[in-house]
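> Coordinates for the following, if possible.
(one chain, ligands or ions: 3)
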Amino acid sequence: MVNSCFLGAPSLFSIKLSSSRIVNVRGHIHLQASRTKMELSITRPDDWHLHLRDGELLESVISHSSQHFGRAIIMPNLKPPITTTAAAVAYRQSILKALPANSDFSPLMTLYLTDTTSPNEIKLARESGVVFGVKLYPAGATTNSQDGVTDLFEKCLPVLDEMVRQNMPLLVHGEVTSPDIDIFDREKVFIDTILSPLIQKFPKLKVVMEHITTMDAVNFVESCDEGFVAATVTPQHLVLNRNSIFQGGLQPHNYCLPVLKREIHRRAIVSAVTSGSKRFFLGTDSAPHERRKKESTCGCAGIYNAPVALSVYAKVFEEASALDKLEAFTSFNGPDFYGLPRNTSKIKLSKTPWKVPSLYSFGWGDIVPMFAGETLDWLPSHHV
Ligand SMILES: NC(=O)N[C@@H](CC(=O)O)C(=O)O
Ligand SMILES: [Zn+2]
Ligand SMILES: [Zn+2]
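Numbering: from 1, shown residues only. Ligands and ions are numbered 1, 2, ... in the order given. Next up is the predicted model:
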């Protein structure tokens, strides 16, 4: 098998190939490797959307993220949700305690916005130095969102004003919840009826549209001011379409929210992230649920992708002949948007096939990862 890789911006990352030869095609440098041993060295990535949960679930899943990622934006949808800075500080402590010895992984905390969040809470959040965003869950939109916002424009204007003053990003689960809106249209209707008016009203508010799933979201984010509106993209929305929920029978482990969409939407998202645009960055939305809660008469939404995320992202960029743009997506665009320094250490991704476990078993139960039992191409090195 021959592998070919076009080096658009070689200074961004390095590719090592054993048994490689350099071919000059019309002025462009291509590297070809027979007997593939391709290796990428990239700045250590961050995960800008992660569910770590708490208790034994937290202890069970944390190393899958901390071994590769430098930092992660930690979602606040616990039971009860993290609605105050004091709760975020305490949750951060329990994450640090659960980390493997010697880990330098850094959790970036968020607050869960409710109808009664006060502007003063935003000040406290900023002063704490450990809260980096405020999460909007429309009430009823997703897992543990029942305490979320019922009417953003009715209830949250003073808080949003304060967020602009404090330069505190609003992180958005962008779906309307009205039962008369088709589930596949909920993101688009949210953009039209909530996000677009919100940005008109608060042009200086930083907004991250989390886990985008549609061409409409891509177009919307691209139409906004670059430094103010951005989006995270999950592995599943880059490689799966809605057929995979029903392939050969109901597939509960491919069910997440916002639900997977049509192939045209997947392709639009792939084009957006592999274009090199700074508006899109890595956010896995890794969302572990116990196996029996997924394989159930009323299965939970959420895909556990932390163990496979980097492999999947690398495959997407490779298939788009855009490996030279991978590092900006995984490691630069996120910190640049949040105004944080980029990581300085590196990780390696080698093109070595590895088999995803069919199950992770813990004393309290099992978790089934994305691509359980399948073989993936890109193997990330552990960060030490
Ligand atoms: N994405 C999901 O399907 N589930 C997430 C919540 C969320 O991010 O919407 C969860 O917490 O399980
Ligand atoms: Zn969400
Ligand atoms: Zn999420």
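
> Show me the shaky parts of this structure.
Within the chain, the ranges that satisfy pLDDT under 70 run 1-36, 384.

> let's see 90
1-37, 382-384 (pLDDT under 90).

> helix or strand right after the lengthiest helix in the chain?
Counting residues, the longest helix found in the chain (DSSP state H) is helix 85-98. Counting by DSSP states H and E, the next helix or strand C-terminal to helix 85-98 is strand 106-112.

> so that next one versus helix 85-98, what angle?
150 degrees (axes from the mean of the first three to the mean of the last three C-alpha atoms, to 10 degrees).

> how about strand 106-112, does it get close to ligand 2?
No. No part of strand 106-112 sits near ligand 2 under the criterion C-beta under 5 Å from the ion; the closest distance found is 11.7 Å. Bear in mind the C-beta positions are built from the backbone N, C-alpha and C, glycine included.

> Okay, now the sheet partners of that strand, with direction.
In the sheet containing strand 106-112, its partner strands are strand 71-74 (parallel), strand 131-136 (parallel), by DSSP bridges.

> Okay, buried residues for that strand please.
Neighbour-count burial for strand 106-112 flags 106-112 (criterion: 16 or more other C-beta atoms under 10 Å).

> picking that back up, indicate which one of the strands paired with strand 106-112 is closest to D47.
Proximity to D47 (C-beta to C-beta) singles out strand 71-74 among the strands paired with strand 106-112, at 4.0 Å.

> how about the residue of the stretch 101-250 of the chain found nearest ligand 2, what does it touch?
Residue of the stretch 101-250 of the chain nearest ligand 2, by C-beta to the ion: H173 (3.6 Å). Contact analysis of H173 by C-beta atoms under 8 Å, 6 or more residues apart in numbering lists 135-138, 141-142, 145, 210-211, 257-258.

> how about the residues of this protein that lie near ligand 2?
142, 173.

> run the last query once more with 6 Å
Applying C-beta under 6 Å from the ion, we find that the chain lies next to ligand 2 at 142, 173, 210-211, 257.

> Which of these fall within strands?
With strands defined by DSSP state E, no entry of the residues of the chain next to ligand 2 lies inside them.

> how about the residues of the chain near ligand 1?
Contact residues, the chain versus ligand 1 (C-beta under 6 Å from any ligand atom): 51, 77, 142-143, 173, 256-257, 285, 287, 301-302.

> neighbours around H49, how many?
As a burial measure, H49 scores 27 neighbours (other C-beta atoms under 10 Å).

> Doesn't it belong to a strand?
Yes. Assessed by DSSP: H, G, I helix; E, B strand; the rest coil, H49 belongs to a strand.

> okay, the strands paired with strand 106-112 in TSV with mean neighbour count next?
Converted to TSV, the strands paired with strand 106-112 look like this (neighbours: other C-beta atoms under 10 Å):
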stretch	mean neighbour count
strand 71-74	26
strand 131-136	25
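
> buried residues in stretch 294-306?
Going by neighbour count (16+ other C-beta under 10 Å), the buried part of stretch 294-306 is 294, 299-306.

> do stretch 203-222 as well
205-218, 220-221.

> Surely P100 is in contact with S65?
No. Counting by C-beta atoms under 8 Å, P100 stays clear of S65, with 11.1 Å between them.

> who's more crowded, those two?
Taking neighbours as other C-beta under 10 Å, P100 and S65 compare with S65 leading, 23 against 10.

> Helix, strand or coil: sort out the more buried one for me.
helix.

> wait, what's in contact with it?
Applying C-beta under 8 Å, 6+ apart, the residues near S65 are 47, 50, 52, 72, 105, 284, 286, 306.

> which one is it nearest to, not counting chain neighbours?
A306 (4.9 Å; C-beta to C-beta, 6 or more residues apart in numbering).

> can I assume that neighbour is in contact with S60?
No. Here A306 lies out of contact with S60, judged by C-beta under 8 Å, at a distance of 10.9 Å.

> Pull up the overlap in contacts between those two.
Common neighbours of A306 and S60 (C-beta under 8 Å, 6+ apart) are P288.

> Emit the PyMOL select command for whichever of the contacts of S65 are buried.
For the buried members of the contacts of S65, the matching PyMOL selection, counting by 16+ other C-beta under 10 Å, is:
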select buried, resi 47+50+52+72+105+284+286+306
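
> Distance to I95 for the contacts of S65 - can I get that in CSV?
What follows is these, written out as CSV (distance: C-beta to C-beta, whole Å):
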residue, distance to I95
D47, 13
L50, 10
L52, 6
A72, 9
F105, 9
T284, 16
S286, 14
A306, 14
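
> And for M38, the neighbour number?
Counted with other C-beta under 10 Å, M38 comes out at 21.

> Just to check, it is in contact with T352?
No. In this structure, M38 is not within contact of T352 by C-beta under 8 Å, at 9.2 Å.

> State whether S361 is indeed within a strand.
Yes. Using three-state DSSP, the assignment for S361 is a strand.

> Tell me what it is bridged to.
Taking DSSP bridges as the rule, S361 bridges to D366.

> tally of neighbours for it?
Counted with other C-beta under 10 Å, the neighbours of S361 add up to 11.
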